[in-house]
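In: Predicted model follows, preceded by the sequence.
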Amino acid sequence: MTIDILPTLAEWMGSSSPLHIDGKSAVSIFEGESNAVSPQDAYFFYYRNNDLEAIRYGKWKLHFPHNYRSMVDNPVGNGGLPGKYDYSVKTGLELYNLETDPSETTNVIEAYPDVLKQLHVLANDMRADLGDDIAGVPPSHSRDSGSVQ
């Protein structure tokens, strides 16, 4: 993930990363080490200002209900002008096994209640730290956008 680029480059250059950033070095993956694993236990997908829309944990990805834009059933762009987006499309609470369903077409949420519970715990821990506008949770450890302190 892109949050791991800065610490990875810093390690390659023999430098250290700033102490309070979200990324971790992924040098072992890029150098093809046989036992390399993701430097993160989980990835949290925030969008817009501070909306937690999904979490990726191992082979699992959980989408939280949120609006998104879609061009399905809308006219495509023409003559250099973009097509129209529908901004009212909403996803529900959806769980995907990315090993067997990398395209995220089959919601398996009913079959894996324990995974759902585990991912909710991780998400709530992150919400307590960074907040989540969709869930109405204010951040406790946020930084201004575009800066590292």
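Out: Structure received. Numbers count the residues shown, from 1 in each chain.

In: what comes up buried for the worst-scoring helix or strand of the chain on mean pLDDT?
Out: The least trusted helix or strand in the chain, going by mean pLDDT, DSSP states H and E, turns out to be helix 27-30, with a mean of 73. Going by neighbour count (16 or more other CB atoms under 10 Å), the buried part of helix 27-30 is 27-28. For every residue, glycine as well, the C-beta is placed using N, CA and C.

In: can you give me how far it is from the chain middle?
Out: Offset of helix 27-30 from its chain centre (CA atoms, centre = their mean, to the nearest Å): 20 Å.

In: Look up how far residue 68 lies from the most centrally placed residue in the chain.
Out: Centre of the chain computed as the mean C-alpha position; nearest residue by CA atoms, centre = their mean is residue 45, 2.2 Å away. Separation of residue 45 from residue 68 (CB to CB, to the nearest Å) stands at 11 Å.
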